[in-house]
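> no FASTA, just this:
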DNA sequence: TTGATATAAATCGTCAACGATTTTGATGTT
DNA sequence: AACATCAAAATCGTTGACGATTTATATCAA
């Protein structure tokens, strides 16, 4: 068999999975039944999303609609809606009549994604350098300290989460929700790339680059901040070996054999 | 009544609107019935999209599902899918239990959109300047000539289409599909902004700026090309008067009275 | 006439079921 | 044993219908 869908949710512990008619007895505080629909939908989306970030859902994994229906106790219409959203964000690929799978970026797409990240983040760090407030720098340095603690953590997703948070914080400082959205999408696809091609990332090195970026931001040195961000993203891309991939369907075949 | 949905499609002349069961008699060449689903879906999407660009669908216009069902002879599931896609691209807003309307960017969103465009297009024009081939410059100058012809056309959407094509061509020369997608989304939202706030755009002035951008690209002057693109986008934004808006629901109310 | 209230219409969200397609597994032949 | 053919299971695409919510209309009192 192919890879199956597991997704033991951890972060958002356990939204009560009542979905049988109205609210059972409780006086239905606040939002009521209408919001429940969008809530369960958001919950499913978030669960898949987090699973991708944590590399529990790896590229090529099939997501059959009936399985998801049982997992979340919802009808297929709801699952379908979530899958379409995930497809639009390039997290899953919807193959007509053949089901949904977690997207597997090709080498060409990988180049495009990193190039787009450079184009965006260089502008983002410029905005952030111009706009940052004292408390922003404080929080960035706090994130750097936290990073330092995870630098030697062998669990890759832990470091990836740190790095993600760092880049996202800079985008937040830049203050443009649209750019934040675009960057979020690109970073999520990067986690797919990492899961696929397993780069031998040097966390300590990346951490040092992060620190330099913040230093330039603090100095208000826009040009250097831009340049450093560009270099950082290039080195990230250089760490990826498009040759030896962690196998997509190949792994599935291996599981068939082993 | 509120504004109703009309959408007389012009560009994609008239896809045969058969949708009754299978294909009637013709031997169903090529794609068959499976592709017909995605085709009609794409057709509906494209029709709405084009109508927004041509300002036949203006911000605030309601898009009731039953009306669209009759117009395109499809079930609600299909148009629901299209509406969700349009929502993700920020072209329509889906208000729970209250139906879909063409999105109406707020002044704040307008600022964000133009800022995002500057961030993106400055990087895009840099890539395009580095990568353009002789035939790219040729086509760009051809577009400029065509622009010149429409400069004095009082019909605003005609000029808007030209300008859009120009910016899109530069993105194509840059060669990154992801950036093309993002820019396309932002430009579409800009057409909503134009419909809403009706800027007193000076087409001749914009045309001159376009020409300067191409000149810098031809020289390979990256810095100047970036700067000129930034200036151009700023002047576009400056032409928009966020005060006097072309009314959203206000116009609907006026129609109720008149 | 104006305003509030109640009824009716329109619209949306959700679901279960049917048909079509794909994939899996079995059978038989070379 | 390997391959092709065929049947069965799983999965997806689409539809129509039901209940819930919102909006429009009509009625009545002040």
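Arrived safely, thanks for sending. Computed from a predicted structure; not experimentally measured.
> Which helix runs longest in chain A?
Determined from DSSP state H, the single longest helix within chain A is helix A:107-131.
> Name the residues of the next helix or strand after that one that come out as buried.
Sequence-wise, the next helix or strand downstream of helix A:107-131 (DSSP states H and E) is helix A:134-150. Buried residues in helix A:134-150, counted by 16 or more other CB atoms under 10 Å in any protein chain shown: A:136, A:140, A:143-144, A:147, A:150. In short, each C-beta sits where N, CA and C put it, glycine included.
> next one: stretch A:38-54
The neighbour-count check on stretch A:38-54 (16+ other CB under 10 Å) flags A:40-45, A:47-54 as buried.
> Work out for me the element the residue nearest in space to the middle of chain A sits within.
Closest residue to the average C-alpha location of chain A: residue A:188 at 3.1 Å, with CA atoms, centre = their mean. Taking DSSP H and E as the definition, one finds residue A:188 inside helix A:177-197.
> do the same with residue A:152
Assigned by DSSP H and E, residue A:152 belongs to neither a helix nor a strand.
> quick one: pLDDT of it?
Listed pLDDT for residue A:152 reads 86.
> pretty sure it is touching residue A:203, no?
Yes: with contact defined as CB atoms under 8 Å, residue A:152 counts as touching residue A:203 (7.4 Å).
> Ignoring the adjacent residues along the chain, who's closest to residue A:147?
Closest residue in space to residue A:147, ignoring its immediate chain neighbours: residue A:162 at 4.8 Å, by CB to CB, 6 or more residues apart in numbering or on different chains.
> Now do the contacts for the one you found.
Counting by CB atoms under 8 Å, 6 or more residues apart in numbering or on different chains, residue A:162 touches A:143, A:146-147, A:150.
> closest to residue B:211 among those?
Residue B:211 lies nearest to residue A:143 out of the contacts of residue A:162, by CB to CB, at 45.4 Å.
> who are the neighbours in contact with the closest one?
Taking CB under 8 Å, 6+ apart, one finds A:162, A:165-166, A:169 in contact with residue A:143.
> Over to residue A:161?
Residue A:161 sits next to A:53-54 when contact means CB under 8 Å, 6+ apart.
> Taking helix A:134-150 as reference, get the angle to the helix or strand where it lies.
Here residue A:161 sits within helix A:156-174, counting by DSSP H and E. Here helix A:156-174 runs at an angle of 170 degrees relative to helix A:134-150 (axes from the mean of the first three to the mean of the last three CA atoms, to 10 degrees).
> which residues touch stretch A:177-185?
Outside stretch A:177-185, the residues that touch it by CB under 8 Å, 6+ apart are A:89-90, A:116-117, A:120-121, A:123-124, A:127, A:167-168, A:171-172, A:174, B:112-113, B:115-116, B:119, B:182, B:186.
> For whichever residue of the stretch 151-258 of chain A sits closest to chain B, grab the count of nearby residues.
Closest approach of the stretch 151-258 of chain A to chain B (CB to the nearest CB) occurs at residue A:178, with a separation of 4.2 Å. Residue A:178 has 20 neighbours, counted by other CB atoms under 10 Å in any protein chain shown.
> now swap in residue A:207 and tell me
For residue A:207, using other CB under 10 Å, the count is 19.
> try residue A:86
Neighbours of residue A:86 (other CB under 10 Å): 23.
> Got the confidence number for it?
Per-residue pLDDT puts residue A:86 at 98.
> measure the nearest residue to it once chain neighbours are set aside to residue A:39 for me?
Distance criterion CB to CB, 6+ apart; nearest residue to residue A:86, sequence neighbours excluded, is residue A:92 at 4.3 Å. The spacing between residue A:92 and residue A:39, counted by CB to CB, to the nearest Å, is 21 Å.
> again with residue A:88
20 Å.
> re the thing from before, could I get the average pLDDT for the longest helix of chain A?
Mean predicted lDDT for helix A:107-131 stands at 98.
> next one: stretch A:158-176
Stretch A:158-176 comes out with an average pLDDT of 97.
> Tell me how far the closest residue to residue A:174 other than its chain neighbours lies from residue B:236.
In space, residue A:174 comes closest to residue A:127 once its chain neighbours are excluded; the distance is 3.8 Å by CB to CB, 6+ apart. Residue A:127 sits 19 Å away from residue B:236, going by CB to CB.
> what ranges do the strands span in the stretch 1-150 of chain A?
A:62-63, A:92-95, A:99-102 (DSSP state E, counting those that start in this stretch).
> Tell me the helices and strands packed up against the first one.
In terms of contacts (3 or more CB pairs under 8 Å, 6 or more residues apart in numbering or on different chains; DSSP states H and E), strand A:62-63 is packed against strand A:99-102.
> Just the buried positions in the strand it packs on, please.
Neighbour-count burial for strand A:99-102 [16+ other CB under 10 Å]: A:100-102.
> do stretch A:83-101 as well
For stretch A:83-101, a neighbour-count test (16+ other CB under 10 Å) marks A:83-94, A:100-101 as buried.
> Report the contact partners of residue A:205.
Taking CB under 8 Å, 6+ apart as the test, what residue A:205 contacts is residue A:235.
> Would you pull up how far the helix or strand it falls within lies from the middle of the chain?
Assigned by DSSP H and E, residue A:205 falls within helix A:203-219. Mean-position distance between helix A:203-219 and its chain equals 22 Å (CA atoms, centre = their mean, to the nearest Å).
> now swap in stretch A:200-215 and tell me
19 Å.
> Then stretch A:168-183?
14 Å.
> residues of that stretch that come out buried?
Buried residues in stretch A:168-183, defined by neighbour count with 16+ other CB under 10 Å: A:169-176, A:178-180, A:182-183.
> Spatially, what comes nearest to residue A:167 if we skip its sequence neighbours?
Distances taken as CB to CB, 6+ apart place residue A:187 nearest to residue A:167, at 6.4 Å, with adjacent residues excluded.
> repeat for residue A:226
Distance criterion CB to CB, 6+ apart; nearest residue to residue A:226, sequence neighbours excluded, is residue A:122 at 4.9 Å.
> Just read off the phi/psi values of the closest residue to residue A:131 other than its chain neighbours.
If the residues on either side of it in the chain are set aside, residue A:131 comes closest to residue A:175, at 5.9 Å by CB to CB, 6+ apart. Reported as degrees, to the nearest 10, the phi and psi values for residue A:175 are phi 90, psi 10.
> is it true that residue A:175 touches residue A:130?
No: Residue A:175 is beyond contact range of residue A:130, at 10.0 Å (criterion: CB under 8 Å).
> Okay, domains of chain A per the record?
Following automatic domain parsing, chain A resolves into domains at A:1-103, A:107-238.
> Which of those has the lowest mean pLDDT?
Here the lowest mean pLDDT among the domains of chain A goes to domain A:1-103, at a mean of 74.
> what does chain A put close to chain B?
Residues of chain A found near chain B (CB under 8 Å from any CB of the partner chain) are A:34, A:37-38, A:81, A:84-85, A:88, A:96-97, A:112-113, A:115-116, A:118-120, A:122-124, A:127, A:176-179, A:182, A:186.
> Any idea what the residue in the stretch 101-250 of chain A that DNA strand D sits nearest to is bridged to?
Relative to DNA strand D, the nearest point of the stretch 101-250 of chain A is residue A:101 (9.0 Å; CB to the nearest atom of the strand). For residue A:101, the beta-bridge partners under DSSP bridges are residue A:62, residue A:93.
> List the contacts of residue A:157.
Residue A:157 makes contact with A:53-55 under the criterion CB under 8 Å, 6+ apart.
> What is the most widely separated pair among the buried residues of helix A:134-150?
Pairwise distances across those (CB to CB) peak at 21.4 Å, for the pair A:136 and A:150.
> Residue A:102 - nearest residue in space that isn't next to it in sequence?
In space, residue A:102 is closest to residue A:61, 4.6 Å off (CB to CB, 6+ apart).
> Run a quick neighbour tally on that neighbour.
Residue A:61 - counted by other CB under 10 Å - has 24 other residues nearby.
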